[in-house]
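Student: Take a look and give me a structure for this.
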Amino acid sequence: MLLEGQVAVITGSSRGIGRATAIRMAQEGAKVVVNGVQEGGVWDVVQLIRDQGGTAIGVVESVASMAGGERIISEGLREFGKIDILVNNAGVVHDKMAHKMSETEWDLVLNSHLKGAFACIRSALPSMRERREGSIINMISVAGLTGMIGQLNYSAAKAGLIGMTWTLSLELESYGINVNAVSPAARTDMTMPYIERAKQTAEMKGESFPEYWKVGSTEDVAELMLSLCLPRCRRVTGQIFSVNGGKIGVWSPPEHRIVATQSSRENGWEAGELFEQVLSAYVKV
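Tutor: Okay, the predicted model is just below:
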């Protein structure tokens with residue numbers, strides 16, 4: 001088995017991508033910590049894994065606080081003695097245009113995605129660093145890479161996770177711990193409302209269904225997650241992967257280009273000059 005003897009914590013694994021990942025890793029021999037906030041959903045996945053001959057425990061807890069993240073990790077350490085794999089998958093959405101978004105809606109999303117990942121990472125790192133091995137995967141979204149109307153909180157959280165992925169990969173590479181992120185497209189409870197809305201819009205306009213919403217399955221995502229956690233892949237780090245059905249891609253870090261220079265710096269830049277030489281090229285038409 002590919003993960004024989006490994007211990008995996010997958011947050012938000014009572015449904016969707018997290019559920020598929022927990023089941024798949026258990027099938028390959030990993031001992032799994034299943035997490036979620038709905039007790040019934042957590043124990044359904046635990047029982048399914050056990051029925052298939054795997055090993056799993058459930059921790060009903062929110063990741064949105066430092067105490068919650070610490071409890072999830074500590075339960076895994078107490079039961080299995082170590083943590084080899086951490087998948088930061090948990091999170092919620094509260095979509096709204098920026099001028100209508102409340103502080104509560106902002107905090108709920110930022111805490112569940114960004115603080116939740118930090119809470120679990122912070123608790124798991126001492127053991128991983130001491131053993132000098134481990135694998136961390138952060139679940140991100142195209143919203144954090146390109147932006148998405150109506151998702152200011154979600155985009156900010158996912159962009160934060162991208163920066164976290166790059167920084168942690170640098171900090172932990174010498175400890176044998178790889179850190180990557182995955183931007184998935186899959187049919188889940190979270191995405192189905194958007195897919196249905198896109199279908200209805202296309203039908204109303206008499207257009208074909210957009211390619212963007214022809215997404216793959218949660219099992220497709222789980223297979224990529226499994227691959228990134230294999231011991232032989234531990235030198236793959238600091239990467240942002242995408243997966244949509246049979247298509248897997250990789251996002252490159254932002255490229256910095258010098259677009260204007262001054263031969264003399266005696267007087268510095270002038271705003272009008274900057275527009276003519278630089279900014280006019282970026283005016284949207």
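Student: Against Cys120, how distant is Ile240?
Tutor: 19 Å (Cβ to Cβ, to the nearest Å). (Glycine included, C-beta is placed from N, CA and C.)
Student: Which residue of those two possesses the greater neighbour count?
Tutor: Cys120 (28 against 21; other Cβ atoms under 10 Å).
Student: Next, the contact list for that one, please.
Tutor: Val9, Thr11, Val63, Gly69, Ile72, Ile73, Leu86, Asn88 (Cβ atoms under 8 Å, 6 or more residues apart in numbering).
Student: Sticking with the nearest residue to it once chain neighbours are set aside, tell me its helix or strand.
Tutor: With sequence-adjacent residues excluded and distances taken as Cβ to Cβ, 6 or more residues apart in numbering, Cys120 is closest to Gly69, at 4.3 Å. Using DSSP states H and E, Gly69 falls within helix 66-80.
Student: what's that helix packed up against?
Tutor: Helices and strands touching helix 66-80, by 3 or more Cβ pairs under 8 Å, 6 or more residues apart in numbering; DSSP states H and E, are strand 7-10, strand 31-36, strand 55-60, helix 116-131.
Student: Show residues contacting the helix or strand following the shortest one.
Tutor: What it means is strand 7-10. Helices and strands here follow DSSP H and E; after strand 7-10, the next one along the chain is helix 16-27. Residues outside helix 16-27 that contact it (Cβ under 8 Å, 6+ apart): 1, 3, 6, 8, 10-13, 32, 34-36, 45, 48-49, 52, 54-56, 85, 87, 89-90, 139, 184, 186, 188-190, 217-219, 221-223, 225-226, 229.
Student: go with 6 Å
Tutor: Helix 16-27 is contacted from outside by 3, 8, 10, 12-13, 32, 34, 45, 49, 54, 56, 89, 186, 188-189, 218-219, 221-222, 225-226, using Cβ atoms under 6 Å, 6 or more residues apart in numbering.
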